[in-house]
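Chemist: let me see the structure of the following:
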Amino acid sequence: QVQLVESGGGLVQAGGSLRLSCAASGRTFSSYTMGWFRQAPGKERVFVARIRGSDGDTFYADSVKGRFTISGDNAKNTVYLQMDSLKPEDSAVYYCTADAHSRSPFTWDSWGKGTLVTVSS
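Modeler: Here you go, the predicted model:
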């Protein structure tokens, strides 16, 4: 398994931006598919975006497409989530996750503890 630590959450006004980081240790980022999920209060954890470490292929949830960008730095074993044009409904705890598979179905075996993002209106 890989150990994941998220950072970069905080409070931002609607329309603003934040960049989340997820540092991975234990195995190299390029061996995994890395993902971001989020969970708002009282709601289920939902998929946000993923990136395949081997070739950088990305996929996004419709709700964030065009506003969020997932990227990775193999040298730093870190994956990022750049969040622009933030909306109050983006408020949630954001979790980083990793899967050893390069294609779906993903089992998301490793999870970070999450970082809180709050978007004020």
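
Chemist: could you find the closest non-adjacent residue to residue 30?
Modeler: Among residues not flanking residue 30 along the chain, residue 53 sits closest, at 4.3 Å (Cβ to Cβ, 6 or more residues apart in numbering). For glycine as for every other residue, the C-beta is placed from the backbone atoms N, C-alpha and C.

Chemist: the closest residue to residue 32 other than its chain neighbours: what secondary structure?
Modeler: In this structure, residue 32 finds its nearest non-sequential neighbour in residue 98, 4.5 Å apart by Cβ to Cβ, 6+ apart. What DSSP: H, G, I helix; E, B strand; the rest coil gives for residue 98 is strand.

Chemist: you'd agree residue 98 is up against residue 37?
Modeler: No: contact criterion Cβ atoms under 8 Å: residue 98 and residue 37 do not qualify, at 11.5 Å.

Chemist: compare those two (neighbour count), which wins?
Modeler: Each of residue 98 and residue 37 has its neighbours counted (other Cβ atoms under 10 Å); residue 98 has more, 27 against 22.
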